[in-house]
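1. Sequence first, then the predicted structure, then my questions.
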Amino acid sequence: MKRAINHLLLGLFATVMLVSCSSGPTLQTYFVDHQEAPNFISQDLPISMLKVDKSSFTEEQNEAFNSVTRLNFIGYKANESNTEDIKVEIAAVKKILKDEKYNELIEFSDKGNKIAVKYIGTDDEADEIIIFGSSKEYGFGVVRVLGSDMNPSKMGTLVGALKGANFDKDQLKDIQNFFK
């Protein structure tokens, strides 16, 4: 009897462990599964490789920049022959980003272009920031901003600073040419 109870408890424990593990798609597995697929481009960029002139950064912007360690990018190029495929891919990314672990930071549309910024973590410290943009004309792209002690509100000031910052645009030439 004691042996049967042990087997029952062990079986119950194994069942709970298997059920509690999330087997759904994640953004990371989406990147891995699609990085070499047709019409996709992916790039992994350590922030240390970006040559950015930080001389005009405020202390807060500098702190935000230094908290980022890596950028992961994946993009899908739209063309006349893949309009249905792009809808499927955008739906797949949106489904992943609907998971409750992604907190919404901002979402907006401009002239048919849609941008959503989400993060994983707390309001004070994000483990990952996700920027998802889509356009009927160009396709879509997802950037995973990875780092440590990233503050979501400070990242907003960093984006503003990077718009006006001097940096070597050749570093992003592959991505720009892909969407042309």
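-> Cool, the structure landed.
2. Check the protein for its longest strand and report it.
-> strand 139-150 (DSSP state E).
3. neighbouring strands for that strand, and are they parallel or not?
-> strand 68-77 (antiparallel), strand 126-135 (antiparallel) (DSSP bridges).
4. buried ones in the last one?
-> So that's strand 126-135. Using 16 or more other C-beta atoms under 10 Å as the test for burial, strand 126-135 gives Ala126, Glu128, Ile129, Ile130, Ile131, Phe132, Gly133, Ser134, Ser135. The way it works is simple: take the backbone N, C-alpha and C, and place the C-beta from them, glycine included.
5. chain center to that strand, what's the gap?
-> Mean-position distance between strand 126-135 and its chain equals 4 Å (C-alpha atoms, centre = their mean, to the nearest Å).
6. Please put the alpha-carbon coordinates of it into CSV.
-> Output in CSV follows, covering the C-alpha atoms of strand 126-135 (Å, rounded to 0.1, in the frame of the first residue of the first chain):
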residue,chain,number,x,y,z
ALA,A,126,12.8,45.6,-17.0
ASP,A,127,14.5,42.3,-18.0
GLU,A,128,13.6,42.8,-21.7
ILE,A,129,12.0,45.6,-23.8
ILE,A,130,10.3,44.6,-27.0
ILE,A,131,9.6,47.0,-29.9
PHE,A,132,7.2,45.6,-32.5
GLY,A,133,6.5,47.6,-35.6
SER,A,134,4.5,46.8,-38.7
SER,A,135,3.7,48.4,-42.0
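7. Just the residues contacting it, thanks.
-> Residues from elsewhere that reach strand 126-135 (C-beta atoms under 8 Å, 6 or more residues apart in numbering): 27, 78, 90, 93-94, 97, 102, 105, 112-121, 140-146, 150-152, 155.
8. tell me, what residue is most central in the chain?
-> Nearest residue to the geometric centre of the chain (C-alpha atoms, centre = their mean): Arg144, 2.9 Å.
9. If we ignore the residues flanking it in sequence, what's nearest that residue?
-> Spatial nearest neighbour of Arg144, excluding adjacent residues (C-beta to C-beta, 6 or more residues apart in numbering): Asn72 at 4.1 Å.
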